[in-house]
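Visitor: Got a sequence here, can you model it:
(one chain, ligands or ions: 1)
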Amino acid sequence: MSSVIARALAMITIVFPSYFDWNAEQSVVKSTAFPSGSSDSALHLAGLVLARGGSKGIPRKNLVEVNGRPLVGRAIDAMIESQGLFQAKLRKYLDKDISSLVFQFSISASLLYRCQIAFKSIWVSTDDEDISNWVRREFSEDVVSIHKRAAYTATDSATSIVAVLEFIASHPEVDAVGLVQATSPFVQPTYLKEAATLLQNQHYDSVFSVTRSHQLRWSRMENHVSNKHVITKPLNFNPKSRPRRQEWEGEMVENGMFYFTLRHVLVNYQVFQSENSGYVEIPKHHSMEIDTMEDLELVRCLAAKFDKRNVETNLNMNDSAKEL
Ligand SMILES: CC(=O)N[C@H]1[C@H]([C@H](O)[C@H](O)CO)O[C@](O)(C(=O)O)C[C@@H]1O
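Guide: Presented below is the predicted three-dimensional model:
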């Protein structure tokens, strides 16, 4: 009897997957003007984490743990979960006793639906043996692939665009890259799904993550007249009519969580964003980036609060990733 109920629940979950996304946290999806271009739902979108071994500010940054999970792992977890592993888990459960073609059909349909909005492949590009070993221990090869990152792209001065170009040069099958930065520990599967959907269905060249800011910004200027002191100048407001939050929509600030970009933009212009870019607005409490040891400490405190459900989810999900 309980198995009948379980099957019924599974069926409902498969047919109406969006109701069962356990990440209740919803980001606001908006986009800039200029949608254009061609529609290609069969785009090979590769999820990519750049994880070099060396780092100055925080030694071995990609392997430092937040809530018991290395930063590189947190990024990969979100990418995998954005693919709808919940459905994959159900498939395994149902495969144990194939009693209905309807179930099989529903699962395939659901997976196809998911495929359209998820990564076709997930990659970690690294020059570091410890990172490679950690990834290989945690995820099977058919779930996460490792790209052996060239040394020249992993120096202190190498830019991300150089590393991404080096990655795609050896992967001609990749049509677009969803670069997820491990330094944004609160990345959620729903945000990645939204970015992938915007890129694939809304005809953008790129989609990246932003946070809304109501900060009043000032510039700093040398006072050339008296040559004595530095003066300030407002950049985004008029001091005579200081904006109030309620009346000001604020500004969109790039938060570094992710950059999804079509191959031709990366290759031809060597940029992550073009003028035909959409964005996903990330809630402020998930937007923190780790640059310094202080950021790391702060993030660890915040993770204890924001992470609860994710930790449980990660445990389940890693099991599924290995099982696939
Ligand atoms: C894709 C990309 O350009 N990533 C760059 C990020 C983002 O500019 C930043 O995360 C935005 O907030 O900054 C760095 O980490 C940095 O300045 O040390 C270098 C890195 O190459």
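Visitor: Counting neighbours, what do you get for the closest residue to Gly73 other than its chain neighbours?
Guide: Nearest non-adjacent residue to Gly73, counting by CB to CB, 6 or more residues apart in numbering: Glu138, 6.4 Å away. Bear in mind the C-beta positions are built from the backbone N, C-alpha and C, glycine included. Neighbourhood size, Glu138 [other CB atoms under 10 Å]: 18.
Visitor: show me where the stretch 101-250 of the chain has strands.
Guide: 121-126, 145-148, 176-180, 206-213, 218-222, 230-234 (DSSP state E, counting those that start in this stretch).
Visitor: got CSV for the ones you listed, with mean neighbour count too?
Guide: Below are these laid out as CSV (neighbours: other CB atoms under 10 Å):
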stretch, mean neighbour count
strand 121-126, 23
strand 145-148, 16
strand 176-180, 26
strand 206-213, 22
strand 218-222, 10
strand 230-234, 11
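Visitor: Take those and lay them out in TSV including mean pLDDT and distance to the ligand.
Guide: Output for the strands of the stretch 101-250 of the chain, formatted as TSV (pLDDT from 0 to 100; distance: least, CB to the nearest ligand atom, whole Å):
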stretch	mean pLDDT	distance to the ligand
strand 121-126	98	13
strand 145-148	98	16
strand 176-180	98	6
strand 206-213	98	9
strand 218-222	89	20
strand 230-234	92	23
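Visitor: How about the contacts made by the residue of the stretch 101-250 of the chain found nearest the ligand?
Guide: The stretch 101-250 of the chain approaches the ligand most closely through Ser160 (3.5 Å), counting by CB to the nearest ligand atom. Applying CB atoms under 8 Å, 6 or more residues apart in numbering to Ser160 gives the contacts Leu50, Leu179, Phe272.
Visitor: hmm, back to that, and of the strands of the stretch 101-250 of the chain, who's closest to Asp291?
Guide: strand 206-213 (15.1 Å; CB to CB).
Visitor: what bits of the protein have low per-residue confidence?
Guide: Of all residues in the chain, those with pLDDT under 70 make up the ranges 1-41, 85-117, 225-227, 308-324.
Visitor: 90 - rerun?
Guide: 1-42, 56, 83-118, 201-203, 221-231, 304-324 (pLDDT under 90).
Visitor: can you list the domains in it?
Guide: Domain ranges of the chain: 1-36+84-117, 43-78+122-323, per automatic domain parsing.
Visitor: Can you say which of these is packed in most?
Guide: domain 43-78+122-323 (a mean of 17; mean count of other CB atoms under 10 Å).
Visitor: Off-centre distance for that domain?
Guide: Distance of domain 43-78+122-323 from the chain centroid (CA atoms, centre = their mean, to the nearest Å) equals 7 Å.
Visitor: out of the contacts of Ser160, who's nearest Phe167?
Guide: Leu50 (8.1 Å).
Visitor: is the closest one in a bridge, and if so with what?
Guide: Ser125 (DSSP bridges).
Visitor: For the residue of the stretch 151-300 of the chain at minimum distance from the ligand, give me its contacts.
Guide: Here the stretch 151-300 of the chain gets closest to the ligand at one residue, Gly256, 2.6 Å apart by CB to the nearest ligand atom. Residues in contact with Gly256 (CB under 8 Å, 6+ apart) are Gln181, Thr183, Ser184, Ser209, Glu289.
Visitor: Would you reformat those residues as a markdown table and include distance to Ala304?
Guide: A markdown table is the format used below for the contacts of Gly256 (distance: CB to CB, whole Å):
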| residue | distance to Ala304 |
| --- | --- |
| Gln181 | 22 |
| Thr183 | 19 |
| Ser184 | 17 |
| Ser209 | 23 |
| Glu289 | 18 |
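Visitor: still on that earlier bit, wait, isn't the residue nearest to Gly73 in contact with Pro70?
Guide: No: applying CB atoms under 8 Å, one finds Glu138 not in contact with Pro70, separated by 9.1 Å.
Visitor: From what I see, Thr126 and Arg149 are in contact.
Guide: Yes: counting by CB under 8 Å, Thr126 touches Arg149, with 5.3 Å between them.
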